[in-house]
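Peer 1: Here you go, sequence then predicted model.
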Amino acid sequence: MSQSAHKYSLTARIFFGMAAGFIVGLLLQFLFDDSGDFQFSIFGFEFSTYDIFVEGIFSTLGQIFIASLKMLVVPLVFVSLVCGTSTLSDPSKLGRLGLKSVGLYIVTTAIAITLAMSMALLVSPGEGINLATETTYQAKEAPSLSDVIVNMVPSNPVNSMAQGNMLQIIVFAVLFGIAMAMTGEAGKRVSAFFEDINTVIMRLVTIIMNLAPYGVFVLMAKLFASIGADTILSLAKYFFLVFGVLILHGLLTYSVLLKALSGLSPLMLLRKMRDAAIFAFSTSSSSATLPVTMETARNKLGIGNSVSSFTLPLGATINMDGTAIMQGVATVFIAQVYGVDLSLSDYMMVVLTATLASIGTAGVPGVGLIMLAMVLQQVNLPVEGIALIIGVDRLLDMTRTAVNITGDCMVSCVVAKSEGALDETVYNDPNAGQKEEDVDFEHFDRNS
């Protein structure tokens, strides 16, 4: 790779890719005719701008980029968690990690939805709006809490990995790591093997990260070429309220909790989360961003593997602060649109249901909308109201994913500090982990 390629940091290159995708997407929309497309013919074959660029090039490359990230998730989580668990000399530490992590995730989720509903009641985004829609939303049935608990234990670990069932993978990896720690010399030999695999996987993460600017470009170009400005404008008050609360929660709530519980600098956390946050924003998936989040936690924040390998996969599965914020605002919005007055007990029920559902519906596809359907049903609001907000949910989903992974790392920092597994020298070094950002493919040393 030429020296000019290293002129800008990875963060800057990702930002340039995101900005370029935004501009290209808007330009493609400008080229579309009134029917939504720009038609042309080559050698008698009809082509369209939308088919070639949006559904063709951008969609294909974007799916490849997302797939390359998801490719790393299962091996990274399993191997990292096995390595981390096998080094625990005190088995009770695992119980403490679980209680602290789950407890903090639940607290941040409760704060998120309370803040969201308070702001929604103050701003009243649905008042004066009478949105008629022919779209209907068919809510999927969410599993019961008992089903979720039973399904945490895998009957076939290989099948769990094939399906990407994160809770089952976490349970199996923890048990496997504990067994390794109790097996003596044989366990040490297996542990050394897993440590080598973990090193190779983290190198693969670094390589994939160098493709991020291009992946972010095609994802953003496809999004803004297909979403209409009229859709956003029709729900502008709702959209900007959710967006504002997400930013407020991500910057203020996490900063206050981090400072109060650990004494660490919130500004340093937010600064070092830039790359992971941009990844999360462009992919809209905490799971797909997990390799980058774990790399950030270890190399930039100084969180020990014994903590990060447990708290981050768990957070990517159950921590849904961003989704809780969307639910809080959406519930008030839909109630106001349909002219339904909710009582104080109804609002308390929304807080309780959404907080518990953040764990109860973990791992279910379309979890955000399923959780919202559950909340609406609890307070007797029409589930069809979800159709009102689906049009702008994609952009908000990107933002709330960035908030979620920031919350994951905040909780990991607090837990790591309490367990003595945080390297504060690394955390306070603004340049920590920067050397890991770039891979010089031209002079790549496989032994490095």
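Peer 2: Sure thing, it's come through. Model, not experiment: these values are computed from the prediction.
Peer 1: any idea how far the strand or helix carrying Cys409 is from the chain center?
Peer 2: In the assignment (DSSP states H and E), Cys409 maps to helix 390-418. Relative to its parent chain, helix 390-418 has a centroid offset of 6 Å by C-alpha atoms, centre = their mean, to the nearest Å.
Peer 1: Just the buried residues of it, please?
Peer 2: Neighbour counts over helix 390-418 (16 or more other C-beta atoms under 10 Å) mark 391-393, 395-417 as buried. C-beta coordinates here come from the backbone N, C-alpha and C atoms, glycine included.
Peer 1: again, but for stretch 194-211
Peer 2: Quick answer for stretch 194-211 (16+ other C-beta under 10 Å): 194, 197-198, 201-202, 204-206, 208-210.
Peer 1: Sitting in helices, which of these do you find?
Peer 2: Among those, the subset assigned to helices under DSSP state H consists of 194, 197-198, 201-202, 204-206, 208-209.
Peer 1: Could you pull up the residues touching the residue lying closest to Val54 once chain neighbours are set aside?
Peer 2: Nearest residue to Val54 in three dimensions, chain neighbours excluded: Ala225, at 4.7 Å (C-beta to C-beta, 6 or more residues apart in numbering). By C-beta atoms under 8 Å, 6 or more residues apart in numbering, Ala225 lies in contact with 24-26, 28-29, 50, 53-54, 58.
Peer 1: are any of these buried, and which?
Peer 2: Among the contacts of Ala225, those classed as buried by 16+ other C-beta under 10 Å are 24-25, 28-29, 50, 53-54, 58.
Peer 1: ok, the contacts of Ala225 vs Val171, which is closest?
Peer 2: Nearest to Val171, judged by C-beta to C-beta, of the contacts of Ala225 is Phe58 at 38.0 Å.
Peer 1: what about the residue nearest to that closest one when sequence neighbours are not counted, which SS state?
Peer 2: Nearest non-adjacent residue to Phe58, counting by C-beta to C-beta, 6+ apart: Lys222, 3.9 Å away. Using DSSP: H, G, I helix; E, B strand; the rest coil, the structure places Lys222 in helix.
Peer 1: Grab the nearest non-local neighbour of the residue most central in space within the chain.
Peer 2: The centroid of the chain falls nearest to Ser286 when counting by C-alpha atoms, centre = their mean (2.3 Å). Leaving out its chain neighbours, the residue that sits closest to Ser286 by C-beta to C-beta, 6+ apart is Ala316, at 4.2 Å.
Peer 1: Distance of the one you found relative to Ser309?
Peer 2: 12 Å (C-beta to C-beta, to the nearest Å).
Peer 1: So which of these two has more stuff around it?
Peer 2: A count of neighbours by other C-beta atoms under 10 Å puts Ser309 above the other of Ala316 and Ser309, at 31 against 25.
Peer 1: Confirm that that one lies within a strand, as I assumed.
Peer 2: No. Read with three-state DSSP, Ser309 is helix and lies in no strand.
Peer 1: Just confirm it contacts Leu81, I think it does.
Peer 2: Yes. Counting by C-beta atoms under 8 Å, Ser309 does reach Leu81; the two are 4.5 Å apart.
Peer 1: For Pro154, what are phi and psi?
Peer 2: Phi and psi for Pro154, reported as degrees, to the nearest 10, are phi -80, psi 130.
Peer 1: list the contacts for it?
Peer 2: So Pro154 contacts 160, 165, 168-169, 171-172 (C-beta under 8 Å, 6+ apart).
Peer 1: Buried residues, stretch 371-381. List them.
Peer 2: 371-376, 378-379, 381.
Peer 1: Give me the distance between the helix or strand encompassing Met348 and the centre of its chain.
Peer 2: If you go by DSSP H and E, Met348 is part of helix 344-360. Its chain's C-alpha centre and that of helix 344-360 lie 21 Å apart, by C-alpha atoms, centre = their mean.
Peer 1: circling back to that earlier point, looking at the contacts of Pro154, which is nearest Ser101?
Peer 2: For the contacts of Pro154, the nearest to Ser101 is Val171 (14.4 Å; C-beta to C-beta).
Peer 1: That closest one: neighbour count?
Peer 2: Other residues close to Val171 by other C-beta under 10 Å number 17.
Peer 1: what separates it from Val242, distance-wise?
Peer 2: 34 Å.
Peer 1: for Val337, same thing?
Peer 2: 15 Å.
Peer 1: So those two - more neighbours on which side?
Peer 2: Val242 (30 against 21).
Peer 1: residues in contact with Val292?
Peer 2: Val292 neighbours (C-beta under 8 Å, 6+ apart): 69, 205, 209, 275-276, 279.
Peer 1: My understanding was that Val218 contacts Phe65; is that so?
Peer 2: Yes. Assessed by C-beta under 8 Å, Val218 is found in contact with Phe65 at 6.9 Å.
Peer 1: Output the below-cut-off pLDDT ranges for the stretch 301-448 of the chain.
Peer 2: For the stretch 301-448 of the chain, the stretches with pLDDT under 70 are 357-370, 391, 434-448.
Peer 1: My guess is Leu76 contacts Pro291. True?
Peer 2: Yes. With contacts counted by C-beta under 8 Å, Leu76 reaches Pro291, the gap being 5.3 Å.
Peer 1: Nearest residue to Asn299 in space, ignoring adjacent ones along the chain?
Peer 2: Counting by C-beta to C-beta, 6+ apart, Asn299 lies nearest to Gly433, which is 3.5 Å off, once chain neighbours are set aside.
Peer 1: any idea how far that neighbour is from Ala280?
Peer 2: Noted for Gly433: a distance of 17 Å to Ala280, by C-beta to C-beta.
Peer 1: Can you read off the pLDDT for Ser234?
Peer 2: Listed pLDDT for Ser234 reads 60.
Peer 1: scratch that, Leu94
Peer 2: 74.
Peer 1: which residues does it contact?
Peer 2: Under the criterion of C-beta under 8 Å, 6+ apart, the contact list for Leu94 reads 85, 88, 174, 178, 310.
Peer 1: which stretch of helix or strand covers the third one?
Peer 2: Secondary structure assigned from DSSP H and E places Val174 in helix 166-181.
Peer 1: Buried residues, that helix. List them.
Peer 2: Buried residues in helix 166-181, defined by neighbour count with 16+ other C-beta under 10 Å: 166-174, 176-178, 180-181.
Peer 1: swap in stretch 69-87?
Peer 2: Neighbour counts over stretch 69-87 (16+ other C-beta under 10 Å) mark 69-70, 72-87 as buried.
Peer 1: between the ones in helices among the buried residues of stretch 194-211, which is nearest Gly302?
Peer 2: Nearest to Gly302 among these is Met202, at 15.1 Å by C-beta to C-beta.
Peer 1: Just the helices from the stretch 1-150 of the chain, written as ranges.
Peer 2: Ranges of helices within the stretch 1-150 of the chain are 10-31, 49, 59-86, 92-123, 145-151, based on DSSP state H, counting those that start in this stretch.
Peer 1: any chance of those helices in JSON lines, plus distance to Leu356?
Peer 2: Below are the helices of the stretch 1-150 of the chain laid out as JSON lines (distance: least, C-beta to C-beta, whole Å):
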{"stretch": "helix 10-31", "distance to Leu356": "35"}
{"stretch": "helix 49", "distance to Leu356": "47"}
{"stretch": "helix 59-86", "distance to Leu356": "24"}
{"stretch": "helix 92-123", "distance to Leu356": "8"}
{"stretch": "helix 145-151", "distance to Leu356": "8"}
